[in-house]
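**Student:** Sequence below, structure please.
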Amino acid sequence: MSPIISKPIYLFSIAWLLSYPALLSAQKTHGAAPNYKVVFPEKKVNTIEITLNKSQWDSIRTDMKEKYGNDFGESRPPMGGGRPPMPPAGNPTSPFAPLPDFADRGMMQFGKGEPKYFSVSVKFKDKVYSSTAFRLKGNSSLTQAWGRGIYKLPFRLDFGRYAKQDLYGFRTLSFSPGINDKSLIREKVAADIFRQAGIPAAQTAFYKVYIDFGEGKRYCGIYTLVEVIEDTMIKTQFGEDNGNIYKPESSFTKFKAEQFEKKNNKKQADWQDVQAFIKALNDSTRLTDDVAWRTNLEKTFNVDHFIKWLAINTTIVNWDTYGALPHNFYLYNSPTHKLTWIPWDNDLALDAKMERPEGFKPPDGFKTPEGFKPPEGFPPPMGGGAMGRGTSLSLKETGKNWPLIKFIADDVFYYAKYKQYVKEFAESIFTPARMNTLFEQNHKLIAPYVIGKEKEQMPYSFLKNTEDFQNELAHLKEHVVRRNKEVILFLK
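**Tutor:** Prediction:
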């Protein structure tokens with residue numbers, strides 16, 4: 001039998017990092033190589049200014065009211081907790097209507113489509129990029145900010161949508177405001193941790209963001225800039241981007257084309273790669289011939305890579321993804337590595353409050369709705385279900401609604417590999433000393449622009465006071481210490 005692990009995780013990480021500069025120099029997009037040093041600096045906070053006129057801001061409000069049912073500052077559903085409102089009588093298409101299968105549990109979906117793009121002016125490093133496409137983005141994050149009337153809104157920029165331009169080689173960029181993160185560093189450090197451990201993930205950087213909503217420039221605080229997967233990340237970190245790129249909202253129990261949004265090759269109505277993967281994953285040979293089942297699954301999907309991601313994601317505690325909710329990841333059909341898992345939207349990672357206790361089991365018949373993300377104020381798990389809690393280290397409570405995790409936990413070979421990756425990650429990457437350094441560097445970098453002379457203030461921030469930002473650093477450090485102790489107990 002072949003060894004469980006071919007190479008220690010840290011050797012993989014070193015090889016990846018050594019190859020990274022070459023990949024950066026080889027990447028070309030929109031006529032220019034993406035300049036990561038300028039757009040994604042490691043030791044600097046960049047500044048970006050966005051100018052909307054009053055008419056544009058009014059149009060955004062109109063668009064949001066049509067899609068989400070409420071104007072800016074009108075909180076629907078209530079953000080103080082409790083049961084979400086049922087749809088108005090005779091209006092089953094209300095943007096806050098419960099999902100059909102979960103009406104009795106008060107589940108809801110957000111909005112009726114993505115917000116519109118608007119042409120705005122963007123200033124970066126003394127250069128003005130006119131005709132840049134701007135739109136609000138997000139699910140519960142957008143709902144929270146919009147309903148509470150907080151101007152620190154999540155948004156996306158597309159420099160090439162209306163004009164032949166890019167920002168130092170980047171066409172699209174995503175800006176995350178860290179709505180539920182008092183430290184404001186989780187999105188960035190989680191992505192850094194994944195890459196350090198050998199898992200390709202989007203580059204991130206901190207930005208001071210100023211927005212003129214038609215009445216003068218306002219400081220909207222520190223955002224995390226996140227590289228868009230299909231724009232530059234895959235070509236840079238994989239060396240090519242010809243294979244299909246998906247942003248799924250699926251638990252993989254069965255194939256539904258509408259759950260696998262294609263980010264490229266859109267004219268080709270072909271999902272054979274994910275169809276083959278889901279068929280192999282759920283094939284009954286798993287129970288009769290485990291070797292054949294693993295062989296066929298590995299022909300379609302980079303299983304070893306996913307197990308490594310699962311070990312890392314579970315160790316750090318990151319509930320807002322597969323295992324609790326069927327979103328916040330990409331799949332790339334790499335010609336050399338088959339379908340490969342890419343993490344996305346890590347702003348709720350590293351949160352001790354969201355760890356699922358060992359032995360937790362959701363009620364019979366309950367499963368997490370496709371694409372659902374609970375709003376702030378609703379106690380997790382809603383309705384006693386699986387959402388809102390990170391998967392426990394043992395994985396044993398994961399039910400059949402999450403076959404990719406459950407079948408790995410049930411397979412002796414894969415589960416041994418998972419445990420080995422947990423051990424290697426905790427010992428080589430996720431150590432208190434190493435994490436403390438990472439946390440402190442990022443906290444120190446942004447502190448002057450959060451609580452200094454130029455500080456975040458309501459209604460342009462979600463921080464209620466200086467102490468919340470300062471205290472969260474200690475909470476992150478405590479989280480790592482506690483998780484390391486729990487890993488030791490789990491591996492005994």
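**Student:** for Lys43, helix, strand, or coil?
**Tutor:** In three-state terms, and counting by DSSP: H, G, I helix; E, B strand; the rest coil, Lys43 is coil.
**Student:** Ok, Lys152 next?
**Tutor:** Look at Lys152: counting by three-state DSSP, its state is coil.
**Student:** Nearest spatial neighbour of it, chain-adjacent residues omitted?
**Tutor:** Distances taken as Cβ to Cβ, 6 or more residues apart in numbering place Pro177 nearest to Lys152, at 4.5 Å, with adjacent residues excluded. All C-beta atoms are positioned from the backbone trio N, CA, C, and that covers glycine.
**Student:** what residue is smack in the middle of the chain?
**Tutor:** Of all residues in the chain, the one closest to the mean position by Cα atoms, centre = their mean is Asp345, 1.3 Å from it.
**Student:** a strand runs through it, doesn't it?
**Tutor:** No. Read with three-state DSSP, Asp345 is coil and lies in no strand.
**Student:** Skipping adjacent residues, who's closest to it in space?
**Tutor:** Excluding the flanking residues, the one nearest Asp345 by Cβ to Cβ, 6+ apart is Asn328, at 4.3 Å.
**Student:** Then Lys65?
**Tutor:** Lys65's closest residue in space is Asp71 (Cβ to Cβ, 6+ apart), at 5.1 Å.
**Student:** Below-threshold pLDDT in this protein: ranges please.
**Tutor:** By pLDDT under 70, the weakly predicted segments of the chain are 1-31, 76-111, 352-389.
**Student:** Tell me which other helices or strands the longest helix belonging to it touches.
**Tutor:** In the chain, assigned by DSSP state H, the helix with the most residues is helix 466-491. Other helices and strands packing on helix 466-491, by 3 or more Cβ pairs under 8 Å, 6 or more residues apart in numbering; DSSP states H and E, are helix 303-316, helix 412-428, helix 432-446.
**Student:** okay if I get those as CSV plus mean neighbour count and distance to Pro459?
**Tutor:** Listed next are these as CSV, based on neighbours: other Cβ atoms under 10 Å; distance: least, Cβ to Cβ, whole Å:
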stretch, mean neighbour count, distance to Pro459
helix 303-316, 24, 32
helix 412-428, 19, 40
helix 432-446, 16, 20
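**Student:** Would you mind giving those as CSV with distance to Ser75 added?
**Tutor:** Putting the helices and strands packed on helix 466-491 into CSV (distance: least, Cβ to Cβ, whole Å) gives the following:
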stretch, distance to Ser75
helix 303-316, 32
helix 412-428, 40
helix 432-446, 28
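**Student:** just so I know, which of those helices lies nearest Lys262?
**Tutor:** Of all the helices and strands packed on helix 466-491, it is helix 303-316 that lies closest to Lys262, at 20.2 Å by Cβ to Cβ.
**Student:** That closest one to helix 432-446, inter-axis angle?
**Tutor:** 80 degrees (axes from the mean of the first three to the mean of the last three Cα atoms, to 10 degrees).
**Student:** Check what contacts helix 303-316 and list those residues.
**Tutor:** Contacts to helix 303-316, defined as Cβ atoms under 8 Å, 6 or more residues apart in numbering, come from residues 9, 190, 193-194, 197-199, 294, 297-298, 321, 337, 340-341, 343, 349-350, 390-393, 395, 404-405, 408, 414, 417-419, 421-422, 425-426, 429-430, 483, 487.
**Student:** and those residues, which are buried?
**Tutor:** Among the contacts of helix 303-316, the ones that count as buried by 16 or more other Cβ atoms under 10 Å are 9, 190, 193-194, 197-199, 294, 297, 321, 340-341, 343, 349-350, 390-393, 395, 404-405, 408, 414, 417-419, 421-422, 425-426, 429-430, 483, 487.
**Student:** sorry, back to before: correct me if wrong: the residue nearest to the centre of the chain contacts Trp319.
**Tutor:** No. Between Asp345 and Trp319 there is no contact under Cβ atoms under 8 Å: 11.7 Å.
**Student:** Got phi/psi on Phe277?
**Tutor:** Main-chain dihedrals, Phe277, degrees, to the nearest 10: phi -60, psi -50.
**Student:** For Ala191, see how far away the residue nearest to the centre of the chain is.
**Tutor:** Using Cβ to Cβ, to the nearest Å, one gets 10 Å for the distance from Asp345 to Ala191.
**Student:** do the same with Ile185
**Tutor:** Per Cβ to Cβ, Ile185 is found 11 Å from Ala191.
**Student:** Neighbour count for the two, which is higher?
**Tutor:** Taking neighbours as other Cβ atoms under 10 Å, Ile185 and Ala191 compare with Ile185 leading, 29 against 23.
**Student:** dump the residue contacts of that one.
**Tutor:** Contact partners of Ile185, counting by Cβ under 8 Å, 6+ apart, are Gly178, Phe439, Asn442, His443, Ile446, Leu476.
**Student:** Tell me where the stretch 101-250 of the chain has helices.
**Tutor:** Taking DSSP state H, counting those that start in this stretch as the criterion, the stretch 101-250 of the chain carries its helices at 140-148, 186-196, 234-238.
**Student:** among those helices, which is nearest Glu456?
**Tutor:** Nearest to Glu456 among the helices of the stretch 101-250 of the chain is helix 140-148; the distance by Cβ to Cβ comes to 13.4 Å.
**Student:** between the helices of the stretch 101-250 of the chain, which gets nearest to Leu287?
**Tutor:** Nearest of these (Cβ to Cβ): helix 186-196, 32.7 Å.
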